[in-house]
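Peer 1: when you get a sec, could you give me coordinates for this:
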Amino acid sequence: MIRNDTTASANGWINGFIGVLIFSGSMPATRVAVLDFHPVFLTTARASIAGLLGLILLLIFREKRPAKDQLLPLLIVSLGVVIGFPLLSAIALRYITSAHSIVFLGMLPLTTAIFGVIRGGERPKPVFWLFSLAGSLFVVGFAVMQGLTASPEGDILMLLAVLICGLGYAEGAKLSRTLGGWQVISWALVLSLPLTITAGLFLLPDDLSGIHSEAWAGLGYVSLFSMLIGFIFWYRGLAQGGIAAVGQLQLLQPFFGLTLAATLLHEQISSGMLVVTVGVIGCVAASKKFAR
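Peer 2: So this is what the prediction gives:
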C-alpha cells in the first residue's frame, strides 16, 4: 500500500511538472496574441478551438456523459480555467508585461492549496502553510516594490485571475479522481462551447489580413497546449499527488515563464524579478516535505 502511494505521488509530481512546463508559455503567448487580437475574442477563440478538439476526443473514446452531480463542479471548472482566468489575464496583459504577470502566478500555489482544503478535503501540516505563504509574500512584495500605481488595473486583474484559477484547479483535481484528468478539461470545454463559439463568431475581426503570424502562433499555443494538453497532465498530477502538494510546483512557473519572456519577447528581466523567482523556487522543496 505504501509503495502504491509512493508511486502515485511520484507520478503526480512528474505529471504536474510537465503541466507547469506547458503552462509556462501561456503568458508570453497570450502577450503576443493580444497585440493583434482583442482579449475577449482571444479567450473565446482559444476555448472554442480546444473545446472542439476535446469533443473529438470524447467521441473517439466514447466517453460516458458526466453524472448529474458532476455538472456543477464541471461548471466551476469552466468558469475558472476556461473563461475566467484566460479572460482576466488577457485583459491584464494590455496593462502589464508578460514578465510582470508571470510573477503574479507565484500566488497560484497558495490559492490552489486553500481551495484544495475547502473543496478537496486535504489537510496539509501547519508548517506547509508557512512556506506556501512565504512564496506568495515574495510575489506581493515584488508588486509593491514595483509600485502598484504604475498599473493598478493590470495588478488587480491578475490577482482576480489567480484567485479564480486556484478554484478551477482544485475543483478539477477533485473531479479528476472519479472522472479522469483529460475527461474533466474536455467536458468543461464542451460545456462552454455554446457560449464561446457564439461569442467568438460575433467578435471575429472583420479583417484578418492584418493579423501577424506571431499572433496566430500565440493563439495556437494557448488553444492547444495551455487550454487542453497542459490540463491533461496537470489535473492528473493533482489527483495523483495531492492538490496542495503538487500545486506547489506552480512556484516554478515564474522561472520558466521569465526565461521565455526574455528569450522570445526580449522583455527586460529586472534583478527584483530574479530575486522573487529564486525565493519562490526555494519554497517548493520546503513545502513539499510538509504537504501531507
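Peer 1: what is the neighbour count of residue 212?
Peer 2: Residues lying near residue 212 (other Cβ atoms under 10 Å) number 12. (Each C-beta comes from the backbone N, C-alpha and C, glycine too.)
Peer 1: confidence score at it?
Peer 2: We have a pLDDT of 94 for residue 212.
Peer 1: so what touches the helix or strand of the chain with the lowest mean pLDDT?
Peer 2: When the helices and strands of the chain are scored by mean pLDDT, DSSP states H and E, helix 98-104 comes last with a mean of 73. Residues outside helix 98-104 that contact it (Cβ atoms under 8 Å, 6 or more residues apart in numbering): 24, 27-28, 30-31, 89, 92-93, 139, 142-143, 146, 154-155, 158-159, 161-162, 253-254, 257-258, 261-262, 265, 267-269, 273, 276-277.
Peer 1: ok, stretch 167-179 next?
Peer 2: 66, 70, 73-74, 76-77, 79-82, 84-85, 108, 111-112, 115-116, 118-120, 183-185, 187-188, 231, 234-236, 238-239, 243, 247.
Peer 1: take those residues and keep only those in helices.
Peer 2: 70, 73-74, 76-77, 85, 108, 111-112, 115-116, 118-120, 183-185, 187-188, 231, 234-236, 238-239, 243, 247 (DSSP state H).
Peer 1: quick one, helices of the stretch 101-250 of the chain?
Peer 2: Assigned by DSSP state H, counting those that start in this stretch, the stretch 101-250 of the chain shows helices spanning 108-120, 126-146, 152-179, 181-203, 213-221, 230-241, 243-247.
Peer 1: mind checking the pLDDT average for the second one?
Peer 2: If I follow you right, that is helix 126-146. Mean predicted lDDT for helix 126-146 stands at 79.
Peer 1: now distance to residue 17 and mean neighbour count too, for the helices of the stretch 101-250 of the chain, in TSV please.
Peer 2: Below are the helices of the stretch 101-250 of the chain laid out as TSV (distance: least, Cβ to Cβ, whole Å; neighbours: other Cβ atoms under 10 Å):
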stretch	distance to residue 17	mean neighbour count
helix 108-120	13	24
helix 126-146	17	18
helix 152-179	15	22
helix 181-203	15	21
helix 213-221	19	17
helix 230-241	7	26
helix 243-247	9	30
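Peer 1: mean pLDDT for these: which is lowest?
Peer 2: Looking at these, the weakest mean confidence is helix 126-146, a mean of 79.
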